[in-house]
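Asks: generate coordinates for the sequence data below:
(2 chains)
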2 protein chains.
Amino acid sequence: MRIAIDMDEVLADPIHKFIQLYNRDYGVPLNLAMEPGKEFYHHVPEHINNKWFEYINEKGFFRDLPVIDGSVEAVKKLQEKHEIYIVSAAMEFRNSLEDKLDWLAEHFPFIGWRNIMFCGDKIVNVDVIIDDRAKNFVGISGRKLLFTSPHNLLLNDYERVNTWSEVLDKLL
Amino acid sequence: MRIAIDMDEVLADPIHKFIQLYNRDYGVPLNLAMEPGKEFYHHVPEHINNKWFEYINEKGFFRDLPVIDGSVEAVKKLQEKHEIYIVSAAMEFRNSLEDKLDWLAEHFPFIGWRNIMFCGDKIVNVDVIIDDRAKNFVGISGRKLLFTSPHNLLLNDYERVNTWSEVLDKLL
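Replies: Numbers count the residues shown, from 1 in each chain, chains lettered A, B, ... in the order given. Down below sits the predicted model:
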């Protein structure tokens, strides 16, 4: 099977980084509670809720994101049985491209360049896609696994995976 | 229709740049004759025929490539009727990513970030792919147009387009 795996909020954790930066600059609490169905920027004061767009466009933002729990081992196991592609909608952020590639080389060195794709629309031909954004399922004919993140908790129309351990239960 | 268009040797001309650099460093003639079926590096002395791999990995290599004749106007016309994606196997060359994106922004500013894809394998779901490398046709179910370049002149198994004008004749 050919499997497309998203990066942000699936392999890498940008939310944690955003909150750290908002904490540093505006004192937003590090244990910011996230309501179901909301993005993290819905939980910061209105006059600074666009600041994330500046952070994300800075060189280095994506280079040191924490790795999502269990993802490295899980992707390694999936790769033994399946054809794995990392497919990230990185093209919106020019300064993210090298950082994302370097991040993958550090944490997922077993993924070769042929299996990495930075795109806008995910017009990929795959049997399974694992993504936290339902918009990336548009036009995908394969199986869609919605990787749980606070912002998608209210969606009920998709097959959901809450952890990498659940992904392995479904795909191995 | 959804159309995937390759960059190198289809929109951008790296061969011209390679020959310029070989001319600068080794006196290789600027009007280097290219034999059908051969890559340009088959035409330079053996002790320097790997040098291209250093050139291509340098920052800036892809930033000032000449635009292939007629490509800008042709892609603009195609975009009026079709869904156009630029799909480049850029992932092999980390230092090419920003240069390629900046080059597209300069010469093809009408292509938005959603319609740009840097990948390894071209696992795209498209109706038409335009590419000079037959290896990129593997697994593509849509129509395949082989864009003529000296290295592919001996291939007879594909529908061929020699110029952007021929592409328009076929797709408009």
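
Asks: every contact and neighbour count from this point should use C-alpha atoms.
Replies: Fine.

Asks: list the contacts for A:M34?
Replies: Contacts for A:M34 (CA atoms under 8 Å, 6 or more residues apart in numbering or on different chains) come out as A:F40, A:H43, A:P150.

Asks: the same query, at a cut-off of 7 Å, please.
Replies: Neighbour list for A:M34: A:F40, A:P150 [criterion: CA atoms under 7 Å, 6 or more residues apart in numbering or on different chains].

Asks: so it is in which element?
Replies: Secondary-structure element containing A:M34, defined by DSSP states H and E: none, the residue being outside all helices and strands.

Asks: got phi/psi on it?
Replies: Backbone geometry at A:M34, expressed as degrees, to the nearest 10, gives phi -110, psi 120.

Asks: then the one 3 residues further on?
Replies: A:G37 adopts backbone torsions of phi 90, psi 0, taken as degrees, to the nearest 10.

Asks: I figured it was touching A:T148, is that so?
Replies: No: between A:G37 and A:T148 there is no contact under CA atoms under 7 Å: 10.8 Å.

Asks: looking at the two, which one has more neighbours?
Replies: A:T148 (18 against 14; other CA atoms under 10 Å in any protein chain shown).

Asks: check what pLDDT that one gets.
Replies: With respect to pLDDT, A:T148 scores 98.

Asks: near chain B, which residues of chain A? Just list them.
Replies: A:91-92, A:94, A:97-98, A:113-121, A:123-125 (CA under 7 Å from any CA of the partner chain).

Asks: mind checking how far the one helix or strand A:K144 maps to is from the chain centre?
Replies: Counting by DSSP H and E, the secondary-structure element that holds A:K144 is strand A:143-147. Offset of strand A:143-147 from its chain centre (CA atoms, centre = their mean, to the nearest Å): 13 Å.

Asks: what residues does it touch?
Replies: Looking at what lies outside strand A:143-147 - CA under 7 Å, 6+ apart - the contacts are A:10, A:127-132, A:134, A:137, A:158-162.

Asks: what about 8 Å?
Replies: Identification of contacts with strand A:143-147 by CA under 8 Å, 6+ apart yields A:10, A:127-134, A:137, A:158-163.

Asks: quick check: next helix or strand after it?
Replies: Using DSSP H and E, the helix or strand that follows strand A:143-147 in sequence is strand A:159-161.

Asks: and that next one, what's buried?
Replies: Applying a neighbour-count criterion of 16 or more other CA atoms under 10 Å in any protein chain shown, one finds A:R160, A:V161 buried in strand A:159-161.

Asks: again, but for stretch A:129-137
Replies: Judged by neighbour count (16+ other CA under 10 Å), stretch A:129-137 contains these buried residues: A:I129, A:I130, A:D131, A:D132, A:R133, A:A134, A:N136, A:F137.

Asks: just stretch A:45-54 next, same as before
Replies: The neighbour-count check on stretch A:45-54 (16+ other CA under 10 Å) flags A:W52 as buried.

Asks: among the residues of chain A next to chain B, which ones are in helices?
Replies: Residues from these lying in helices, with DSSP state H as the criterion: A:L97, A:E98.

Asks: Produce a ChimeraX select command limited to the buried residues of the residues of chain A next to chain B.
Replies: Remark: buried members of these, expressed as a ChimeraX selection using 16+ other CA under 10 Å:
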select /A:91,92,94,97,98,113,114,115,116,117,118,119,120,121,123,124,125
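
Asks: number of nearby residues for A:K38?
Replies: Number of residues near A:K38 (other CA under 10 Å) recorded here: 15.

Asks: can you classify it as helix, strand or coil?
Replies: The three-state label for A:K38, taken from DSSP: H, G, I helix; E, B strand; the rest coil, comes out as coil.

Asks: return the distance of it relative to B:P45.
Replies: Taking CA to CA, to the nearest Å as the criterion, A:K38 is separated from B:P45 by 62 Å.

Asks: again with A:I5
Replies: Computed with CA to CA, the distance linking A:I5 and B:P45 is 44 Å.

Asks: before we move on, what about A:H43?
Replies: Taking CA to CA as the measure, A:H43 and B:P45 are separated by 63 Å.

Asks: CA atoms only: put the strand holding A:K144 into PDB for me.
Replies: Listed next in PDB are the C-alpha coordinates belonging to strand A:143-147 (Å, rounded to 0.1, in the frame of the first residue of the first chain):
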ATOM      1  CA  ARG A 143      -8.700   5.600   2.700                       C
ATOM      2  CA  LYS A 144      -8.600   8.800   4.900                       C
ATOM      3  CA  LEU A 145      -7.400   8.700   8.500                       C
ATOM      4  CA  LEU A 146      -8.000  11.900  10.400                       C
ATOM      5  CA  PHE A 147      -5.200  12.300  12.900                       C
END
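
Asks: in the top helix by length along chain A, which residues are buried?
Replies: The longest helix of chain A (DSSP H) is helix A:14-26. Within helix A:14-26, the residues that qualify as buried are A:P14, A:I15, A:H16, A:K17, A:F18, A:I19, A:Q20, A:L21, A:Y22, counting by 16+ other CA under 10 Å.
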